[in-house]
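*Asks:* just need the structure, nothing else, for what follows:
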Amino acid sequence: MDLPIASAPAPNAASPPIMLSQPEQQTVPLVFVSAHSGRNYPAEFVAAAQLDALTLRRSEDGFVDELFAAAPSFGAPLLAATFPRAFCDANREPWELDPGMFEERLPPWVNTTSPRVSAGLGMIARVVASGEVIYRRKLRFAEAERRVHLYWEPFHAALRDLVDATRQQFGVCLLVDCHSMPGNCSTPNPPADFVLGDAHGTACAPEVMRRAEQTLADQGYRVRRNDPYAGGYITRHHGRPREGTHALQVEVCRPLYMDETCMTKLPSFDDMQCAITALVAALAGLSPALAAG
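*Replies:* Okay, the predicted model is just below:
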């Protein structure tokens, strides 16, 4: 049986760290981004890990880039990381690192005390989503520098350029931060099908949240706001409505469209993709309201 991952060399023109799908012409002030759906696993990372390939993959936001693939047909670009979250988490600060993972003392400017680092989920994760430790040995800080420079920085440079270009063209930008959540996530009863995050009302205009929530609810989905996911680094870093950039994080429950154990699509994937496409269309329709606001 083949390993259920794609092994990739260091990023280059043939194996870039990002995938950008663009419309022929951008016609709406929206940018879609998927930071956690990458599945090109560097060979040296697979060799350094003590976990099997399938366990490593369970940290992915499986197939989220495909769920939102309709974005360019509505006039909006879609940016996706090709590298996996377990290798380099693009939804973290660039120097958010666990000191216990490294051979040498980390520089004093590294963020070693965040709640995410404490949970083992810094920019370089110590554990996978199910809690198992990833590495056989401690890393050198030079490895963290390499991942920042070759993976994290190109991803965020591309994202920044898209947001800036959108705001320059339209005067405003809505960044839709696309993710998925495990079926056993700690949402209160009843469990949610979608969790929408706007950093508790600070990252986007209220109308953005209302439109997204209503669109999903009208399709029969259970939607929660900001609980337990209010928005990660991307949403909080870019979501500055007073400066013309709105950000909304969208989390979709994985068992609705995929088998979390085998990391494969379910027959219901097409239905979920249709639901997401309706969400994309609804948010694209917000363009006049965003520009006016």
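*Asks:* burial measure for the residue nearest to residue 111 when sequence neighbours are not counted, as a count.
*Replies:* The shortest distance from residue 111 to any non-neighbouring residue, by CB to CB, 6 or more residues apart in numbering, is to residue 96 (4.8 Å). (Each C-beta comes from the backbone N, C-alpha and C, glycine too.) Neighbourhood size, residue 96 [other CB atoms under 10 Å]: 19.
*Asks:* again with residue 179
*Replies:* Residue 179, neighbours per other CB under 10 Å, totals 24.
*Asks:* contacting residues for it?
*Replies:* By CB atoms under 8 Å, 6 or more residues apart in numbering, the contact set of residue 179 is 34-36, 61, 64, 91, 229, 232, 249-252.
*Asks:* surely it is within a strand?
*Replies:* Yes - residue state for residue 179 (DSSP: H, G, I helix; E, B strand; the rest coil) corresponds to a strand.
*Asks:* what about it, distance to residue 81?
*Replies:* As defined by CB to CB, to the nearest Å, residue 179 lies at a distance of 12 Å from residue 81.
*Asks:* residue ranges with poor pLDDT in the stretch 51-200 of the chain?
*Replies:* Residues of the stretch 51-200 of the chain that meet the criterion pLDDT under 70 lie in 185-188.
*Asks:* which parts of the stretch 101-250 of the chain are helices?
*Replies:* Here the stretch 101-250 of the chain has its helices, by DSSP state H, counting those that start in this stretch, at 115-118, 141-147, 153-170, 206-218, 233-238.
*Asks:* for residue 41, find the nearest of those.
*Replies:* For these, proximity to residue 41 was assessed by CB to CB; helix 141-147 is nearest, at 13.0 Å.
*Asks:* which parts of that closest one are buried?
*Replies:* Of all the residues in helix 141-147, those buried under the rule 16 or more other CB atoms under 10 Å are 141, 143-144, 147.
*Asks:* so how far is residue 116 from residue 107?
*Replies:* 19 Å.
*Asks:* kindly report the same for residue 61.
*Replies:* Taking CB to CB, one finds residue 61 at 16 Å from residue 116.
*Asks:* contacts for stretch 138-145?
*Replies:* Contacts of stretch 138-145 (CB under 8 Å, 6+ apart): 48, 95, 97, 101-104, 106-107, 123-124.
*Asks:* farthest pair in those?
*Replies:* 48 and 107, at 22.2 Å, using CB to CB across the contacts of stretch 138-145.
*Asks:* on that earlier part again, and the contacts of residue 179 as TSV, adding distance to residue 195 and neighbour count?
*Replies:* Listed next are the contacts of residue 179 as TSV, based on distance: CB to CB, whole Å; neighbours: other CB atoms under 10 Å:
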residue	distance to residue 195	neighbour count
34	16	27
35	16	28
36	15	23
61	13	26
64	14	25
91	15	25
229	5	21
232	12	20
249	8	26
250	8	24
251	4	25
252	8	25
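*Asks:* from the residues you listed, which ones fall inside strands?
*Replies:* Those of those mapping onto strands are 34, 249-252, per DSSP state E.
*Asks:* reformat those residues as TSV; add distance to residue 242 and pLDDT.
*Replies:* Converted to TSV, the ones in strands among the contacts of residue 179 look like this (distance: CB to CB, whole Å; pLDDT from 0 to 100):
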residue	distance to residue 242	pLDDT
34	26	98
249	19	98
250	22	98
251	25	98
252	29	98
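*Asks:* nearest spatial neighbour of residue 281, chain-adjacent residues omitted?
*Replies:* residue 74 (6.0 Å).
*Asks:* ok, residue 272 next?
*Replies:* residue 257 (3.9 Å).
*Asks:* what's the answer for residue 234, then?
*Replies:* residue 177 (4.8 Å).
*Asks:* quick revisit: quick one: which of residue 48 and residue 107 has more around it?
*Replies:* Neighbour count, other CB under 10 Å: between residue 48 and residue 107, residue 48 has more, with 15 against 10.
*Asks:* what sits against the nearest residue to that one once chain neighbours are set aside?
*Replies:* In this structure, residue 48 finds its nearest non-sequential neighbour in residue 135, 5.8 Å apart by CB to CB, 6+ apart. Shown in contact with residue 135 (CB under 8 Å, 6+ apart): 48-50, 101, 126.
*Asks:* can you read off the pLDDT for residue 11?
*Replies:* pLDDT recorded at residue 11 is 68.
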